[in-house]
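Student: this one's structure only:
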DNA sequence: ACTTTATTTGACCAAGCGGTCAAAGCAACG
DNA sequence: CGTTGCTTTGACCGCTTGGTCAAATAAAGT
């Protein structure tokens, strides 16, 4: 039944997904139209619907493809590695992903902003489980005095916020800095933040 | 000509703006419909258009009202105050704003995500000028050794990212934490981050 | 060449969109 | 009470939307 897709199918499906990513990541699901996507993909609207049964199907395909790779960096966080290096490496990988896949970042941001109607379940199950697992590792490190005492969940949130901000708020960052590359200097700053936050204080803070 | 608005006008305009905030902040401009806003405001669509000439006008009114208060905390950052306290106070105020006005935060996020078509000019002029001014203050503090050496722009971005994240990604934060209040613990964590990042290192970090 | 299958499209549809308008309802005030 | 101006609405309009379909076209296999 499901044979290997022809070259034309591969090319057109890829073109549609890329075009859908462009459009959905900018306007959100409801704000995007099939005509926009079709034009961006260089296809007619009926032809587009020959490859995907509906607007929803394109969006779903994109979200699924996204979630596959999106959680990878966190999955790699290793409880047996060096605490500070593991966390900083996670932050760096997350920043790299934001730089290399800004459209995916904005697609995700749009979906969450709109109440995550299509992935709420995944967030509550898969994502929560993953984060809880890694949060426990971080908590153990903190308890062992290997890093500063920080709330693991908030630490993870802060990494998400600090890295995705450059992709999601790209326009603002560029407008304020006047730079072409919104990520310029972000890596060094993120390193400084993470190292400061994670370094245990010698004395006692109040 | 422009007399004092009647009580009905005040009530209905307020209801429309609140409804518009609800809808626009969730679906973005293009994804929102007049019918949605009208229903949320408890008015008929023609009646809504009796108070605002167009969908665009509602959106613009909301953005203007937003920008008025949005930049206030940064404006208050005082170059003559205590460096660490000034910056931490700014971060705290920003977090409070995100907690008290999450819809406004999401409205802004939506606008930026969609390329800021309606406020790009303001970002490039007013916001840039304000940020540049405050960045210089921070740079002076750093040069004087009163705070750690940090890129002022990235420091400001980090405060925006860390505070707005809880409002904009509310659904995700709640899903992962399982808590009702997405801001629980955020204040303490933000304090820790800011204090760590701003405290000058005694040794030299190559 | 011919048949089979995959691909593409123009024409079309019902529903939803932002917005208009004339008329009806309503409040205030003399 | 009557009239004047504010408020509300049902009906409507032209356009866009997501999606369908039958027919045309292009590949591929024989």
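Tutor: The structure has been received and is ready for your questions. These figures come from a predicted structure and were not determined experimentally.

Student: Report the buried residues of the host helix or strand of residue A:97.
Tutor: Element membership for residue A:97, per DSSP states H and E: helix A:83-100. Neighbour counts using 16 or more other Cβ atoms under 10 Å in any protein chain shown place A:83-84, A:86-95, A:97-99 of helix A:83-100 among the buried residues. C-beta: built from backbone N, CA, C; applies to glycine.

Student: Below-threshold pLDDT in chain A: ranges please.
Tutor: A:1-3, A:202-206 (pLDDT under 70).

Student: Flag every residue of chain A that's near DNA strand C.
Tutor: Within chain A, the positions near DNA strand C by Cβ under 7 Å from any atom of the strand are A:3, A:5-6, A:8-9, A:12, A:43-47, A:50.

Student: other SSEs contacting the lengthiest helix in chain A?
Tutor: The longest helix of chain A (DSSP state H) is helix A:7-31. For helix A:7-31, the packing partners by 3 or more Cβ pairs under 8 Å, 6 or more residues apart in numbering or on different chains; DSSP states H and E come out as helix A:34-41, helix A:45-51, helix A:55-70, helix A:102-113, helix B:7-31, helix B:102-113.

Student: Which positions in the second one come out as buried?
Tutor: Going back to what we said before, that points to helix A:45-51. Under the neighbour-count criterion of 16+ other Cβ under 10 Å, helix A:45-51 has A:48-49, A:51 buried.

Student: same thing with the longest one?
Tutor: Across helix B:7-31, burial judged by 16+ other Cβ under 10 Å covers B:12-13, B:15-17, B:19-31.

Student: How much space separates the residue nearest the centre of chain A from residue B:120?
Tutor: Centroid-nearest residue in chain A: residue A:105, 4.5 Å away (criterion: Cα atoms, centre = their mean). According to Cβ to Cβ, to the nearest Å, residue A:105 and residue B:120 sit 20 Å apart.

Student: ok so, going back, out of the buried residues of helix A:83-100, which one sits closest to residue B:164?
Tutor: residue A:98 (15.7 Å; Cβ to Cβ).

Student: quick one: contacts of stretch A:103-116?
Tutor: Stretch A:103-116 is contacted from outside by A:21-22, A:24-26, A:28-30, A:62-63, A:66, A:69-70, A:97-98, A:117-119, A:123, A:164, A:167-168, A:170, B:26-28, B:31, B:106, B:109-110, B:113, B:168-169, B:171-172, B:175, using Cβ atoms under 8 Å, 6 or more residues apart in numbering or on different chains.

Student: same thing but 6 Å
Tutor: A:21, A:24-25, A:28, A:66, A:98, A:164, A:167-168, B:26, B:106, B:109, B:113, B:169, B:171-172 (Cβ atoms under 6 Å, 6 or more residues apart in numbering or on different chains).

Student: Identify each buried residue in it, please.
Tutor: Neighbour-count burial for stretch A:103-116 flags A:103-114, A:116 (criterion: 16+ other Cβ under 10 Å).

Student: which among those residues are in contact with DNA strand D?
Tutor: Okay, of the buried residues of stretch A:103-116, nothing touches DNA strand D (Cβ under 7 Å from any atom of the strand).

Student: Adding distance to residue A:127, write those residues out as JSON lines.
Tutor: What follows is these, written out as JSON lines (distance: Cβ to Cβ, whole Å):
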{"residue": "A:103", "distance to residue A:127": "20"}
{"residue": "A:104", "distance to residue A:127": "16"}
{"residue": "A:105", "distance to residue A:127": "16"}
{"residue": "A:106", "distance to residue A:127": "18"}
{"residue": "A:107", "distance to residue A:127": "16"}
{"residue": "A:108", "distance to residue A:127": "11"}
{"residue": "A:109", "distance to residue A:127": "15"}
{"residue": "A:110", "distance to residue A:127": "17"}
{"residue": "A:111", "distance to residue A:127": "13"}
{"residue": "A:112", "distance to residue A:127": "11"}
{"residue": "A:113", "distance to residue A:127": "16"}
{"residue": "A:114", "distance to residue A:127": "17"}
{"residue": "A:116", "distance to residue A:127": "10"}
